[in-house]
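**Student:** Provide a 3D model corresponding to the input given below.
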Amino acid sequence: MSDPLLDQLLAGLASPDAVVRLVAVRNAADACLPELVPGLRRALGDAEAEVRLEAVTALDAIGGAEAVVPLIAALDDSDAEERGQAALALAENQSPEGAEPLLQALARAPAPWQLAAL
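**Tutor:** Next comes the predicted model:
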C-alpha cells in the first residue's frame, strides 16, 4: 500500500518548479522517512543552492547509514554553507564511513573552519 505523504514528497522533489522542490525538501526534514533518501540525494545536485542546503538538512534529520553517502558527496559542493552543513551532519551522525571524508574535507577547509572544528 502506498503512503500518500511519501508519494507527495517524492513528486515534489522531482518537480520542475524550484519552489515546489524547496518546499518538498523542507517537509522531508520533518517527515524523516528513509525512503526519501534517493530523492534527497538527487536534490543535492539541484541548480538552486537553497534546495541543496535544505536537502543536507533533511538528510541530517533522517540520519542513519543511508544518509552518509549523500552527505559525503555534499562535502564537495561549490557552496561553502552546504559543505559546512554536510560536515556538521556527518559529525553528528558519527558514522565510521563518514569520518575519513570529513577529516579530508576539514584539511581542505579555510583556516577559520579548521579553528572552529577544534
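**Student:** helices along the chain, start to end?
**Tutor:** 4-13, 18-31, 37-43, 49-62, 65-74, 80-93, 96-108, 111-117 (DSSP state H).
**Student:** need the residues that contact the first one.
**Tutor:** Under the criterion CB atoms under 8 Å, 6 or more residues apart in numbering, residues 20-21, 23-25, 27-28, 31, 33, 35-36, 39-40, 42-43 lie in contact with helix 4-13. For every residue, glycine as well, the C-beta is placed using N, CA and C.
**Student:** residue ranges with poor pLDDT in the protein?
**Tutor:** 1, 110-118 (pLDDT under 70).
**Student:** please name the nearest non-neighbouring residue to the residue positioned nearest the centre of it.
**Tutor:** Per CA atoms, centre = their mean, the C-alpha nearest to the average position across the chain is that of V56, at 2.0 Å. Excluding the flanking residues, the one nearest V56 by CB to CB, 6 or more residues apart in numbering is Q85, at 4.5 Å.
**Student:** from D3, how far out is the one you found?
**Tutor:** If you measure Q85 against D3 using CB to CB, to the nearest Å, the figure is 27 Å.
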